[in-house]
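> my questions concern the predicted model and sequence given below.
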Amino acid sequence: ASEAAQKRWTTSDFDVGKPLGRGKFGHVYLAREKRSNHIVALKVLFKTQLHQSQVEHQLRREVEIQSHLRHPNILRLYGYFYDQKRVYLILEYAARGELYKELQKCKYFSERRAATYVASLARALIYCHGKHVIHRDIKPENLLIGAQGELKIADFGWSVHTFNRRRTMCGTLDYLPPEMVESVEHDASVDIWSLGILCYEFLYGVPPFEAREHSETYKRIVQVDLKFPPKPIVSSYAKDLISQMLVKESTQRLALHKLLEHPWIVQSADPS
Ligand SMILES: COc1ccc(C(=O)Nc2ccccc2)cc1NC(=O)CCSc1ncnc(N)c1Br
């Protein structure tokens, strides 16, 4: 394993800089490892909060999973350490920050940018599924942008290494597929559904089943009440791809490797 994986790190190994963001369990800071001058993101989690939310085991599992994942579109977890009160995660720093802020700023993305992001996420998910890791929780809040504009899945702690796993209903329902809102068994095809939701949101600026009330969103998801607004104008290839991913029967969803051969992706995505 690399030196980073074995060394016992402490806070004195880092110059800690500006805060990058605030997650549910703690703050993230820009930091520089003193010996190598390597810039990282240092996530500080409070043990009391982890304990109260009973997620220590989940964190241990996540650290274990992430230590085996190496993919250009998955944010690296280089290592971790802890002191009396806190757990520190040493993360890859994504130089162009949070995708959802970019989406808010541009309202929606061009087809080329959306297709490029969808293709890179599909490749990252193919890689994860190959390692029996599912549900990398790919909503915009969990996506970052690297120095070259490439997308990075930065899990905020809800991915696990099993199938038929339970997932607490945290945050928005928008991304959950029918089988999850109906809390039946689910498998890697949940990620295809979420990627379809994400693709729609990249192109229209809002997720497809958004509604004022949770109960309304729930109904629209299980009915797959998919509508394409007249504005912004979106190609029929893009709509065709989304329609093949947002299918209620999980076995009928377009497979990720088929997605990469879809004309919209082939025609619109930047070659990786
Ligand atoms: C591999 O990325 C992670 C892996 C694990 C966890 C995590 O908290 N797991 C966890 C926490 C509690 C319980 C169970 C699991 C979190 C992340 N990632 C993050 O939190 C992203 C921090 S924000 C940021 N990061 C880099 N560059 C930027 N420009 C920014 Br802004």
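It's in.
> surely Ile134 touches Ser194?
No. In this structure, Ile134 is not within contact of Ser194 by CB atoms under 8 Å, at 10.3 Å. Any C-beta I mention is one placed from the backbone N, CA and C, and that applies to glycine too.
> helices of this structure, residue ranges please.
3-6, 47-52, 56-68, 99-106, 111-130, 178-181, 189-204, 214-222, 236-245, 256-259, 263-268 (DSSP state H).
> buried set for the second one?
Looking back up the chat, that one is helix 47-52. Within helix 47-52, the residues scored as buried using 16 or more other CB atoms under 10 Å are Leu50.
> i'd like the first residue to be 47 from this point on
From this message on, residue numbering opens at 47, which makes the last subject helix 93-98.
> pull the CA atoms of that helix into CSV?
Extracted in CSV, the C-alpha atoms of helix 93-98 (Å, rounded to 0.1, in the frame of the first residue of the first chain):
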residue,chain,number,x,y,z
LYS,A,93,-16.9,11.6,17.2
THR,A,94,-19.9,12.7,19.3
GLN,A,95,-22.0,13.4,16.2
LEU,A,96,-20.9,10.1,14.6
HIS,A,97,-21.8,8.3,17.7
GLN,A,98,-25.2,10.0,18.1
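> and it, how far from the chain's centre?
Relative to the chain's own centre, helix 93-98 is displaced by 23 Å; criterion: CA atoms, centre = their mean, to the nearest Å.
> and the fifth one, by the same measure?
Remark: helix 157-176 is offset 11 Å from the chain centroid, using CA atoms, centre = their mean.
> does it reach the ligand?
No. Residues of helix 157-176 are not located near the ligand by CB under 6 Å from any ligand atom, the shortest gap being 12.0 Å.
> mind giving me the packing neighbours of that helix?
Judged by 3 or more CB pairs under 8 Å, 6 or more residues apart in numbering; DSSP states H and E, helix 157-176 is in contact with strand 197-199, helix 235-250, helix 282-291, helix 302-305, helix 309-314.
> just put those in TSV and tack on mean neighbour count, mean pLDDT and distance to the ligand.
Below are the helices and strands packed on helix 157-176 laid out as TSV (neighbours: other CB atoms under 10 Å; pLDDT from 0 to 100; distance: least, CB to the nearest ligand atom, whole Å):
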stretch	mean neighbour count	mean pLDDT	distance to the ligand
strand 197-199	23	95	8
helix 235-250	24	95	17
helix 282-291	18	98	25
helix 302-305	18	96	21
helix 309-314	17	97	25
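> adding distance to Tyr124, write the ones you listed out as JSON lines.
As requested, the helices and strands packed on helix 157-176 are exported to JSON lines (distance: least, CB to CB, whole Å):
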{"stretch": "strand 197-199", "distance to Tyr124": "14"}
{"stretch": "helix 235-250", "distance to Tyr124": "24"}
{"stretch": "helix 282-291", "distance to Tyr124": "33"}
{"stretch": "helix 302-305", "distance to Tyr124": "27"}
{"stretch": "helix 309-314", "distance to Tyr124": "31"}
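> of those, which is nearest Arg169?
Proximity to Arg169 (CB to CB) singles out helix 302-305 among the helices and strands packed on helix 157-176, at 8.3 Å.
> so which elements touch that closest one?
helix 157-176, helix 235-250.
> of those helices, which is nearest Gln313?
The nearest among these, by CB to CB, is helix 157-176 at 7.9 Å.
> buried set for the closest one?
Under the neighbour-count criterion of 16+ other CB under 10 Å, helix 157-176 has 157, 159-175 buried.
> tell me what angle it forms with helix 102-114.
Here the directions of helix 157-176 and helix 102-114 differ by 100 degrees (axes from the mean of the first three to the mean of the last three CA atoms, to 10 degrees).
> what mean pLDDT does helix 157-176 get?
The pLDDT scores in helix 157-176 average 95.
> surely Met291 is in contact with Ser240?
No. Contact status for Met291 versus Ser240: not in contact, 9.1 Å apart, counting by CB under 8 Å.
> what parts of this structure come near the ligand?
66-67, 69, 71, 74, 87, 89, 91, 101, 104-105, 108, 112, 121, 123, 135, 137, 139-140, 143-144, 190, 200-203.
> looking at the residues you listed, which are in strands?
66-67, 74, 87, 89, 91, 123, 135, 137, 190 (DSSP state E).
> cheers, nothing more for now.
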